[in-house]
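**Q** Model the following, please.
(one chain, ligands or ions: 1)
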Amino acid sequence: MNKIRYFDHAATTAVDEEVLKEMIPFFSIEYGNPSSLYTIGRNAKKAIEEARRRVSFAINCDPKEIYFTGCGSESDNLALKGVAHANKNKGNHIITTKIEHPAILNTCKTLEEEGFNVTYLDVDEDGLIDIQDLKDKITDETILISIMFANNEIGTIQPIEEIGKIAREKNILFHTDSVQAVGNVKIDVKKMNIDLLSMSAHKFYGPKGVGAIYIRSGVKCNKLQDGGHQEKDKRAGTENVAGIVGLGKAIQIAYENLETYNTSISNLRDYYEMQVEKNIPYVKVNGHRIKRLPGNSNISFKFVDGEALLLNLDMNGICASTGSACSSGSTNPSHVLLAIGLPENIAKGSLRITFGKENTKEDVDYLINNLVEIAQRLRSISPEYLEFIRTEKS
Ligand SMILES: *Cc1c(COP(=O)(O)O)cnc(C)c1O
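**A** Reported below is the predicted structural model:
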């Protein structure tokens with residue numbers, strides 16, 4: 001087997017060793033239930049509260065405004081359903097975008113079935129919403145605006161502070177799916193007027209199966225499931241203590257090292273894109289060139305099938321993605337790439353590379369060499385490409 005070269009950090013990340021070290025005792029000696037009153041129970045409770053403090057410090061809120069959940073998808077469900085149900089006496093209109101993660105889009109579909117009206121904002125060719133369009137879509141019935149902080153496929157970062165300002169002025173709640181942004185972007189929920197924010201540990205070198213949500217004090221948000229009174233009665237079920245400890249440590253490490261981390265991964269990304277554009281013809285970089293996650297690169301390779309590209313890269317030990325992991329296995333082109341205006345055939349030839357802390361320049365060179373060779377080979381057997389070359393020459 002080839003050495004694995006991992007370029008899919010938007011799908012998930014490996015647990016950081018320091019994070020794992022802090023988690024381990026809570027699987028073994030510190031196995032107490034945080035609701036129990038004896039010492040090992042209290043120790044578990046203390047560890048959860050320390051994690052809560054770390055999360056609140058990272059995004060500038062009060063620890064009591066943080067609730068731990070089972071994943072980013074659960075946080076998104078809780079934000080949308082919880083707010084919609086608790087505020088339905090005020091109105092039935094929700095505004096979101098066409099490029100959200102399925103955890104938002106499918107939750108909105110469920111809410112539509114319940115009778116809520118949902119507006120899905122368009123985005124421009126860089127993936128940005130239009131602020132004027134958002135203002136125009138607000139009605140007296142609007143109770144919630146949910147717009148992702150950064151997109152998981154093309155990395156585009158939305159004007160969150162501007163959106164927050166508008167929402168606050170109009171007295172509308174503002175939720176942002178920040179699963180891709182946390183650990184990559186500075187976040188200040190107070191300054192940005194964010195009312196609810198979702199995150200997931202496994203996207204920033206924490207464990208899978210644990211997430212968190214920030215809910216500003218005073219915001220009405222119903223719980224999703226009934227049971228015990230854990231997490232201030234917002235999330236029944238015995239806490240995933242080790243996971244929560246891992247999330248807390250991971251977010252602390254991420255924000256202590258934010259600038260050096262961002263610089264190193266954006267350098268690798270920029271080098272990669274420069275080499276691709278130099279060495280492979282008929283490519284297009286997707287997403288906003290500046291307002292973009294530091295480690296994200298989404299490139300369309302004309303006359304290349306994305307799935308075939310992925311399989312060939314995998315044979316050489318390279319992990320990448322054609323879009324979101326959630327839609328792989330299906331042959332439909334990505335809803336995000338269609339929303340930024342790519343034709344179906346170009347959207348299907350797109351490759352998402354997301355860089356992370358273990359990547360080196362040598363890994364990137366290996367990736368580029370493989371891409372050059374594979375793209376050439378796939379094109380040489382593509383009827384569309386051969387036809388294009390023939391007409392080009394005549
Ligand atoms: C990964 C992701 C989610 C889902 O998080 P899980 O913890 O895997 O449920 C939601 N939104 C975005 C933008 C994501 O990238």
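
**Q** How about the contacts made by the closest residue to the ligand within the stretch 201-350 of the chain?
**A** For the stretch 201-350 of the chain, the residue closest to the ligand is residue 211, as judged by CB to the nearest ligand atom, at 5.3 Å. (Each C-beta comes from the backbone N, C-alpha and C, glycine too.) Contact analysis of residue 211 by CB atoms under 8 Å, 6 or more residues apart in numbering lists 68-75, 179, 198-201, 247.

**Q** Among the residues you listed, which lie within strands?
**A** Here DSSP state E is the test, and those give 68, 69, 198, 199, 200 as lying in strands.

**Q** Please tell me I have it right and the third one contacts residue 213.
**A** Yes - applying CB atoms under 8 Å, one finds residue 198 in contact with residue 213, separated by 5.5 Å.

**Q** Give me the common contacts of the two.
**A** Residues touching both residue 198 and residue 213 (CB under 8 Å, 6+ apart) are 75, 79.

**Q** Comparing these two, which residue is more hemmed in?
**A** Shown here are residue 198 and residue 213; by other CB atoms under 10 Å, residue 198 has more neighbours (32 against 28).

**Q** which helices and strands sit right next to whichever strand or helix holds residue 314?
**A** Assigned by DSSP states H and E, residue 314 falls within helix 306-315. The contact analysis (3 or more CB pairs under 8 Å, 6 or more residues apart in numbering; DSSP states H and E) places helix 306-315 against strand 350-354, helix 361-380.

**Q** Export those to a markdown table and append columns for mean pLDDT and mean neighbour count.
**A** A markdown table is the format used below for the helices and strands packed on helix 306-315 (pLDDT from 0 to 100; neighbours: other CB atoms under 10 Å):
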| stretch | mean pLDDT | mean neighbour count |
| --- | --- | --- |
| strand 350-354 | 97 | 27 |
| helix 361-380 | 98 | 17 |
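
**Q** For stretch 215-231, give the mean pLDDT please.
**A** Averaged across stretch 215-231, pLDDT comes to 97.

**Q** confidence score at residue 393?
**A** Reported pLDDT for residue 393: 79.

**Q** and it, how many residues sit next to it?
**A** Look at residue 393: counted by other CB under 10 Å, it has 6 neighbours.

**Q** what's the distance between it and the ligand?
**A** Plainly put, residue 393 is 44 Å away from the ligand if you go by CB to the nearest ligand atom, to the nearest Å.

**Q** re earlier: so which of the helices and strands packed on helix 306-315 is nearest the ligand?
**A** Among the helices and strands packed on helix 306-315, the nearest to the ligand by CB to the nearest ligand atom is strand 350-354 (10.1 Å).
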